[in-house]
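Peer 1: Sequence isn't available, so here's the structure alone:
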């Protein structure tokens, strides 16, 4: 077993520039593989994720003969939450969500 770094591409800071935040991000993943197959890093493609998306292990391409030690579920690598470029809340249950909009109608 080996702990291998997970590297977001583009960097999580760039994703933040569109008004979102990468949360719950795993920084490493424990892998089982032959010593000659140990990857230096695992790239996590964030280029096409949108606010509200989660990236799971099933979306990660692992090298041949490399498997995660967690095999009983499709675990989350990270999630993207926050506001879009317009500043509109896109995450359900955000601050001032429905309760505020109901009060505005009165």
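Peer 2: Yep, it's here. Since this is a predicted model, take the numbers as computed values, not measurements.

Peer 1: can we go C-alpha only for contacts and neighbour counts from here?
Peer 2: Noted.

Peer 1: Would you map the helices across this protein?
Peer 2: Assigned by DSSP state H, the helices in the chain fall at 12-16, 98-105.

Peer 1: Comparing these, which yields the minimum mean pLDDT?
Peer 2: Comparing mean pLDDT across the helices of the chain, the lowest value falls on helix 98-105: a mean of 38.

Peer 1: low pLDDT regions in the chain?
Peer 2: Scanning the chain for pLDDT under 70 picks out the ranges 11-18, 83-106.

Peer 1: all strands of it, in order?
Peer 2: Here the chain has its strands, by DSSP state E, at 2-9, 20-23, 28-32, 42-45, 54-56, 67-68, 76-82.

Peer 1: Could you dump those into CSV and include mean neighbour count?
Peer 2: Output for the strands of the chain, formatted as CSV (neighbours: other Cα atoms under 10 Å):
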stretch, mean neighbour count
strand 2-9, 17
strand 20-23, 18
strand 28-32, 17
strand 42-45, 17
strand 54-56, 18
strand 67-68, 15
strand 76-82, 20
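
Peer 1: is residue 76 in a bridge, and if so with what?
Peer 2: Beta-bridge pairing for residue 76 (DSSP bridges): residue 56.

Peer 1: What of residue 2?
Peer 2: Beta-bridge partners, per DSSP bridges, of residue 2: residue 31.

Peer 1: That one against residue 34, yeah?
Peer 2: No: checked against Cα atoms under 8 Å, the pair residue 2 and residue 34 is beyond contact range at 9.8 Å.

Peer 1: ok, what's across the strand from residue 21?
Peer 2: The partner residues for residue 21, given DSSP bridges, come to residue 81.

Peer 1: any idea how far residue 42 is from it?
Peer 2: For residue 21, the distance to residue 42 equals 20 Å [Cα to Cα, to the nearest Å].

Peer 1: Then residue 33?
Peer 2: For residue 33 relative to residue 42 (Cα to Cα), the value is 13 Å.

Peer 1: Fine by me, we can end here.
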